[in-house]
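Predicted model and sequence below, questions to follow.
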Amino acid sequence: MTAIKYVFENNRKNKKGCLIGYITAGDPTPDLTPKIVEALIHGGVDIIELGLPFSDPIADGPTIQAASLRALNAGTTPLKVLDIAKKIKTKHANVPIVIMTYYNPIFHLGIDKFLSTAKNHGVNGFIVPDLPIEEATDFKKAANTYCLDTIFLAAPSTSEARLTKIVDASSGFLYIVSHFGVTGVKSAIDDSTLQLIQRIKPFTANKVPLAVGFGISQPEHIQRVINAGADAAIVGSAFINIIQKTANTTTDMLNELEAAAKALKTAITLERQ
């Protein structure tokens, strides 16, 4: 059983959904990222998603784009992100770490080299938004070799036939993009998002957990997606906004991040059987 699967199963037994927290590794500095992650874990985040900063993040909104720029300016490199993951794992060995990255850095370093290094540094899985399943054979083969989960994405436009293929290729969890467009905080969760969860849930049932991201930032958002059938909520921009706002006061930053995670985690009780 992989670390990610264990977390989902354990939370389900305790009638809790999972809270997945995304931050951009290296924002505002590589040295501060492990402390930020620790604050999120203390607040109740179950799985950490580390974004590998990239110069052309096509799926990311302005909040994460700005975080990537800050991280790159701070000297964050792909291998440094893996070093950050290793440092986190020395204190939080049981908390899964997922790397979210575009394919170019993996291809540049070499699939086998990148994934073997990631495994040795404590990484548990990967999300590669610009790698379609039709072109992921080599990546998935290497990931399987190193027991790394491969987390694919499905969107509102994904057909049923393609959804079946994506679910079959996914491990860890299936990432549901809740709406068209890019990442970013939204004021409300649209009914279309809840309908999307209900449409996709039969495809993932008893196969892979369903996690919903893009726009989730408030406890009531989490309650709605969990009650609609999601197994996890992914929160990113809301945390990054705190990092940006409090970048000059580390103590305030860490306290606010922990408090925000705690408020979100309290909303994630499973009300369904």
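Structure's in. What do you need? Residues are numbered from 1 along each chain as shown.

the strands in the stretch 1-150 of the chain, which residues?
Taking DSSP state E, counting those that start in this stretch as the criterion, the stretch 1-150 of the chain carries its strands at 18-24, 47-51, 97-100, 125-127, 149-151.

Nearest to Asp231, out of those strands?
strand 18-24 (6.4 Å; Cβ to Cβ). Where C-beta positions appear, they are placed from N, C-alpha and C, glycine not excepted.

Need the contact partners of that closest one.
With Cβ atoms under 8 Å, 6 or more residues apart in numbering as the test, strand 18-24 has contacts from 7-8, 11, 33, 36-37, 40, 44-51, 53, 64, 67-68, 70-71, 98, 100, 209, 211, 213, 222, 231-236, 239-240, 243, 261, 264-265, 268.

May I have stretch 142-159 as CSV, with CA atoms only?
Extracted in CSV, the C-alpha atoms of stretch 142-159 (Å, rounded to 0.1, in the frame of the first residue of the first chain):
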residue,chain,number,x,y,z
ALA,A,142,9.4,4.5,-14.5
ALA,A,143,7.0,5.7,-11.8
ASN,A,144,5.8,2.2,-11.3
THR,A,145,9.4,1.0,-11.1
TYR,A,146,10.0,3.4,-8.2
CYS,A,147,6.6,2.9,-6.6
LEU,A,148,5.6,6.5,-7.2
ASP,A,149,1.9,7.3,-7.7
THR,A,150,0.9,8.9,-11.0
ILE,A,151,-1.9,11.4,-10.5
PHE,A,152,-3.7,12.4,-13.7
LEU,A,153,-6.2,15.2,-14.2
ALA,A,154,-9.8,15.2,-15.5
ALA,A,155,-11.7,18.3,-16.5
PRO,A,156,-15.4,19.3,-17.1
SER,A,157,-14.9,18.6,-20.8
THR,A,158,-13.4,15.0,-20.3
SER,A,159,-15.6,12.5,-22.1
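
Report the buried residues of that stretch.
Within stretch 142-159, the residues that count as buried by 16 or more other Cβ atoms under 10 Å are 142-143, 148-155, 158.

Looking at the residues you listed, which is nearest Ile176?
Nearest to Ile176 out of those is Ala154 (Cβ to Cβ; 5.6 Å).

I'd assumed Ser178 was in contact with that closest one.
No. Ala154 lies out of contact with Ser178 (Cβ atoms under 8 Å); the separation is 10.5 Å.

Quick one: name whatever helix or strand follows the helix or strand Leu196 falls within.
Element membership for Leu196, per DSSP states H and E: helix 191-204. Beyond helix 191-204 in the direction of the C-terminus, DSSP H and E gives the next helix or strand as strand 210-213.

and for that next one, what are the contacting residues?
Outside strand 210-213, the residues that touch it by Cβ under 8 Å, 6+ apart are 18, 20, 22, 173-178, 183, 193, 197, 200-201, 204, 225, 229-236.

One more: stretch 98-111?
Residues outside stretch 98-111 that contact it (Cβ under 8 Å, 6+ apart) are 4, 20, 22, 47-52, 54, 56-58, 78-79, 81-82, 85, 114-115, 118, 123-131, 138-139, 142, 149, 151, 172.

please redo it, this time with the cut-off set to 7 Å
Contact with stretch 98-111 is made by 22, 47, 49-52, 54, 57, 78, 81, 114, 118, 123-131, 138-139, 142, 151, as judged by Cβ atoms under 7 Å, 6 or more residues apart in numbering.

can you pull the buried residues of that stretch?
Applying 16+ other Cβ under 10 Å to stretch 98-111 flags 98-103, 105-106, 111 as buried.

Go through those and name the one nearest Asp252.
Nearest to Asp252 among these: Met100, at 26.3 Å, using Cβ to Cβ.

ok, the nearest residue to that closest one once chain neighbours are set aside - how many residues close by?
Once flanking residues are discounted, Met100 sits nearest to Ile127: 4.3 Å by Cβ to Cβ, 6 or more residues apart in numbering. By other Cβ atoms under 10 Å, 23 other residues sit near Ile127.
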